[in-house]
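J.: pasting the structure only:
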């Protein structure tokens, strides 16, 4: 086996895992705390890419785009929460799915009207556009930046939730919403903020992937479904579970796509391996999910107190 | 089974009546295009009826139900691609494959509840979707043209005939409603509805609800698969898009719009949904910008869907 390629694909998988984590963290926070199934999280991924990308193109600086995207997504997320999602908390999951499905249709069409159907190209700043030598392999600087940003966000999120006052309020709201409200916590505001944080994380994920893939309408949806797989594997409501499951999913998916056909060659004739490889590798993580659910229906790391 | 004093039932009667006469009415009114529109509506209605069976009566919110449309459709498409047009091979095989896959998917996803179930059914359906996208031999994204419709080898019954095709779909629609009606009023249906309202209690009286749910899941999968086989025959075309996840969302919406847990709700839901998208899309290509918020408003304000709005308060449970 070619170790250079192996390491490279492993890093690519890790980077996909980071993107998945940024999505899954927001999803799992919103679900764990508000008990809301939010399909429109994929739209936040897309809006972050388009809004941040437009700012980056207009100002000529990708960094400014990222920095200004954060307050923009916080506001957009909070507005969506206050106008629509707030009325859905007392409803069942079916209503959540449908209403947020409606939001997806709306946001996709609004994006198509504002930015046109072609999507948006966001160039990389020159200083990020090189490669760096890591031992025997050369690897794009920007992909390493993505990994570093993701790890930093994961660390920041951990510190926010477990070591700050607002994190304490979030945890209190998650474990007993009524009691926290009775003790004087402004629950509606807290929920808006949590939703806003989720929207920023999703928007960040969408924006940092854009220089590689470009911003497209509906770009969040495939990532959303992968993020669902991730939080199902990790255990809904658990950020630690989301992190581990994201990396595992990202690496397995990427490695499967690159090496499964080589692996199949060991058992199958060349012809069969070449046709079965791509088909099987696209199913790999779903098979993994099914296997994990078979043994642990609550995911790998079910959060404490989430019984049933 | 139909109480005609209830406006919701009058609407149902109108929709079913229209479906029955459209092949004669539409050309007479100079709008022959509506024949195919109604054929499509009826196919979606069959799929929605099947989803209502598990979602409305069993409480299983499957967000991947459109996958069976695709599996049924692709069975016809792939067999036809290899030159097998014999319906006596195509149809039993399609039903068998749908039953097998829904059995596997059901066995996995029914181990979980609530939001896990929603996400797993979605993920499993997307798995088949990506499989169809990666199948280059069968057209990948572009889909697969089907050269000939299912051939039953009977002199008096030929799906290539427009009217035969249309009334075959119509017959399957009525059959699907009839099967639902018989099921939900049988012992099986009573257990399923009881398990929906209190699963623990049903298990406490000694009934294994898992088996009942799984059986219902397979029946719904097969019923939806038949809708897919009809669709493949009607359009002479299958593509991955027919089982992509927005289709599953639309199916859920049809059921909720018409009135979940009502016998004919999915039929009126499919009718209103598809007519509305037909009308809106002639106004503007950006019709989703109206349709999305409409969906949100229906969820927030019209609980119980059209059936709920039209049924007089006294007649509700």
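T.: Nice, thanks for sending it over. What you see is a predicted model; the values in this text were computed from it and never measured.
J.: quick one, strands of chain A?
T.: Secondary structure of chain A by DSSP state E: the strands cover A:131-134, A:137-140.
J.: Can you list the low-confidence ranges for the stretch 51-200 of chain A?
T.: Scanning the stretch 51-200 of chain A for pLDDT under 70 picks out nothing.
J.: Quick check: which of the strands of chain A is buried the most?
T.: Highest mean neighbour count of the strands of chain A: strand A:137-140, a mean of 16 (counted as mean count of other Cβ atoms under 10 Å in any protein chain shown). (C-beta placed from N, C-alpha, C; glycine too.)
J.: so what does that strand touch, helix or strand wise?
T.: Packing partners of strand A:137-140 (3 or more Cβ pairs under 8 Å, 6 or more residues apart in numbering or on different chains; DSSP states H and E): helix A:3-34, strand A:131-134.
J.: neighbouring strands for that strand, and are they parallel or not?
T.: strand A:131-134 (antiparallel) (DSSP bridges).
J.: List of residues touching the strand it pairs with?
T.: A:7, A:138-141, A:144 (Cβ atoms under 8 Å, 6 or more residues apart in numbering or on different chains).
J.: Please apply the same query to stretch A:155-175.
T.: For stretch A:155-175, the external contacting residues (Cβ under 8 Å, 6+ apart) are A:25, A:29, A:32-33, A:179-180, A:183, A:185, A:187, A:190-191, A:193-194, A:201, A:237, A:239, A:305.
J.: Quick check: buried residues in that stretch?
T.: Buried residues in stretch A:155-175, counted by 16 or more other Cβ atoms under 10 Å in any protein chain shown: A:157, A:161, A:169-170, A:172-174.
J.: How far off centre is it?
T.: Relative to its chain's centre, stretch A:155-175 lies at 19 Å (Cα atoms, centre = their mean, to the nearest Å).
J.: Please tell me how far residue A:201 sits from chain B.
T.: 19 Å (Cβ to the nearest Cβ, to the nearest Å).
J.: now do residue A:120
T.: 18 Å.
J.: same thing with residue A:202?
T.: Counting by Cβ to the nearest Cβ, the gap from residue A:202 to chain B is 17 Å.
J.: count of neighbours near that residue?
T.: 33 (other Cβ atoms under 10 Å in any protein chain shown).
J.: Count the residues that sit near residue B:161.
T.: Other residues close to residue B:161 by other Cβ under 10 Å number 12.
J.: which residues sit in contact with residue B:174?
T.: residue B:16.
J.: need the strands for chain B, in chain order.
T.: Listed in chain order (using DSSP E), the strands of chain B are B:144-145, B:237-238.
J.: just the helices in the chain please.
T.: Reading this off chain A. For chain A, the helices defined by DSSP state H occupy A:3-34, A:41-59, A:62-83, A:93-115, A:141-163, A:165-175, A:177-182, A:187-213, A:219-234, A:239-264, A:270-295.
J.: meant chain B, my bad for not saying
T.: B:7-28, B:33-55, B:66-81, B:87-109, B:114-134, B:162-184, B:187-197, B:199-204, B:209-235, B:245-258, B:265-283, B:288-301, B:305-310.
J.: Turn those into JSON lines, columns for mean pLDDT.
T.: Listed next are these as JSON lines, based on pLDDT from 0 to 100:
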{"stretch": "helix B:7-28", "mean pLDDT": "90"}
{"stretch": "helix B:33-55", "mean pLDDT": "95"}
{"stretch": "helix B:66-81", "mean pLDDT": "96"}
{"stretch": "helix B:87-109", "mean pLDDT": "95"}
{"stretch": "helix B:114-134", "mean pLDDT": "89"}
{"stretch": "helix B:162-184", "mean pLDDT": "95"}
{"stretch": "helix B:187-197", "mean pLDDT": "92"}
{"stretch": "helix B:199-204", "mean pLDDT": "91"}
{"stretch": "helix B:209-235", "mean pLDDT": "96"}
{"stretch": "helix B:245-258", "mean pLDDT": "94"}
{"stretch": "helix B:265-283", "mean pLDDT": "92"}
{"stretch": "helix B:288-301", "mean pLDDT": "90"}
{"stretch": "helix B:305-310", "mean pLDDT": "83"}
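J.: Any idea which of those gets closest to residue A:89?
T.: Using Cβ to Cβ as the measure, helix B:288-301 is the one of the helices of chain B that comes nearest residue A:89, at 12.0 Å.
J.: list the helices and strands the closest one packs on?
T.: Right, helix B:288-301 is packed against helix A:93-115, helix B:245-258, helix B:265-283 by 3+ Cβ pairs under 8 Å, 6+ apart.
J.: how about it: buried residues?
T.: For helix B:288-301, by 16+ other Cβ under 10 Å, it's B:288-292, B:294-296, B:298-300.
J.: a markdown table for those, including distance to residue B:190?
T.: Below are the buried residues of helix B:288-301 laid out as a markdown table (distance: Cβ to Cβ, whole Å):
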| residue | distance to residue B:190 |
| --- | --- |
| B:288 | 41 |
| B:289 | 44 |
| B:290 | 41 |
| B:291 | 37 |
| B:292 | 38 |
| B:294 | 36 |
| B:295 | 33 |
| B:296 | 35 |
| B:298 | 30 |
| B:299 | 29 |
| B:300 | 32 |
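J.: Show me what counts as buried in stretch B:134-141.
T.: Buried, per 16+ other Cβ under 10 Å, within stretch B:134-141: B:134-135, B:138-139.
J.: Much appreciated, bye for now.
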